[in-house]
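Undergrad: 3D model of this:
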Amino acid sequence: MDQTKAPQELLKAQKMANTLDTAIKVPFIPFKFGLDSIVGLIPGVGDAAMLAASMRIVYLGKKMGMPKSLITKMVRNAALDFGIGFIPFVGDVVDFFYKANRANVKLMEKWWVQENKTQLDANTQKTLASWNEKVY
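TA: Okay, the predicted model is just below:
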């Protein structure tokens, strides 16, 4: 496996987090929200459905081989998002601002880069050297 390309699990998680947290942009203001904020408006069922989607991102992190401590943080983020959603009105408002899925993907990205830093750095140096050969 090429360690300089993001794994499929990470790419899937990024797409899911975007859909759930930031896919819709409000015109004229710098604010984005996603399906989590909309579906979460349906009492109980909406929050449960969004928890299932959030846990899919956690599963993808586990499938990538992330350590248990980070998986625990990801579960905590998803559970917090789920719990907040049960508070009438306040939970729905907070859900528009708290992006648990994006936070979980950020944990995944940081971990993956850290795990593959040596290979990524070597590949970057190789690419820069080939660019320099073409320019000079």
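Undergrad: just checking, Ala103 touches Val75?
TA: No. Counting by C-beta atoms under 8 Å, Ala103 sits too far from Val75 to count as a contact (12.0 Å). To be clear about C-beta, it is placed using only N, CA and C from the backbone, and glycine gets the same treatment.
Undergrad: what sits against the residue positioned nearest the centre of the chain?
TA: Among the residues of the chain, the smallest C-alpha distance to the mean C-alpha position (C-alpha atoms, centre = their mean) belongs to Val105, namely 2.4 Å. Applying C-beta atoms under 8 Å, 6 or more residues apart in numbering to Val105 gives the contacts Leu10, Ala13, Gln14, Ala17, Ile57.
Undergrad: could you say which helix or strand holds it?
TA: Using DSSP states H and E, the element containing Val105 is helix 100-115.
Undergrad: tell me the buried residues in that helix?
TA: Counting neighbours by 16 or more other C-beta atoms under 10 Å, one finds that the buried residues in helix 100-115 are Ala100, Asn101, Arg102, Ala103, Asn104, Val105, Leu107, Met108, Trp111, Trp112.
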